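Engineer: Need a 3D model of the sequence below.
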Amino acid sequence: MLALSDMMTYFDNDIQEKYSDFLKELNNEQYYLSTNSEIIEAVIKFNIALLILDEKPKSNNLETHVLYSDLLMTEFYTIMAKHNHYKILFDIVMLTKQSIIKKSKFFDSHKNLSNEDKKSLFFAPIEYLITNGFLNESINRKIEAFIDNGENNER
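Structural biologist: Numbers count the residues shown, from 1 in each chain. Predicted coordinates for the structure are as follows:
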């Protein structure tokens, strides 16, 4: 499995710069409330893969961009199956589906997204971890700082 700390090296420099520090902050076990860090890291990988797939890669790096995002998602599915966490898997997939539908509606309406909207649309899998007692609520400050720093203003 690809370590969270190593996963960004496979993407464009722009994407590495945008997400590497944020990912290091998320990968801090002080936020983990569950003893099963593999589950937490799998969901974080899935969420980061979703964020990265929303990015536009350089044209010469499109295949790599998509393949490594797919790898991160595959690791999520593999870890959930390995631990028989099919309910978590189902919940995350349904949340993601709902957030994609909401995201499309926002973009169709041409409305600016509030920071709270961005958080719920782009970080639904991590929000699931917080709501269900896997991650400490204080990780929200890291997400909010990432959003406040303008990292997702183009969305």
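
Engineer: tell me which element residue 146 is part of?
Structural biologist: For residue 146, the element it lies in under DSSP states H and E is helix 139-148.

Engineer: If we go by neighbour counts, what in the helix of greatest length in the chain is buried?
Structural biologist: Ranked by residue count under DSSP state H, the longest helix found in the chain is helix 86-109. By neighbour count, with 16 or more other CB atoms under 10 Å as the criterion, the buried positions of helix 86-109 are 88-89, 91-92, 95-96, 99, 103, 106. (Glycine included, C-beta is placed from N, CA and C.)

Engineer: Using CSV, write out the CA atom coordinates for stretch 122-135.
Structural biologist: Output of stretch 122-135 as CSV, limited to C-alpha atoms (Å, rounded to 0.1, in the frame of the first residue of the first chain):
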residue,chain,number,x,y,z
PHE,A,122,-15.1,18.6,-0.9
PHE,A,123,-14.5,16.9,2.5
ALA,A,124,-17.5,14.7,3.0
PRO,A,125,-15.5,11.5,3.5
ILE,A,126,-13.3,13.2,6.2
GLU,A,127,-16.5,14.7,7.7
TYR,A,128,-17.8,11.2,8.0
LEU,A,129,-14.8,10.1,10.0
ILE,A,130,-15.3,13.0,12.4
THR,A,131,-19.1,12.4,12.7
ASN,A,132,-18.6,8.7,13.4
GLY,A,133,-15.8,9.1,16.0
PHE,A,134,-12.8,8.1,14.0
LEU,A,135,-11.2,11.6,13.9
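
Engineer: How far off centre is it?
Structural biologist: Counting by CA atoms, centre = their mean, to the nearest Å, stretch 122-135 is centred 10 Å from the centre of its parent chain.

Engineer: Please identify the buried residues of it?
Structural biologist: Neighbour counts using 16+ other CB under 10 Å place 122-130, 134-135 of stretch 122-135 among the buried residues.

Engineer: Could you identify the most distant pair in these?
Structural biologist: Put simply, by CB to CB the two of the buried residues of stretch 122-135 set farthest apart are 122 and 134, 18.4 Å from each other.
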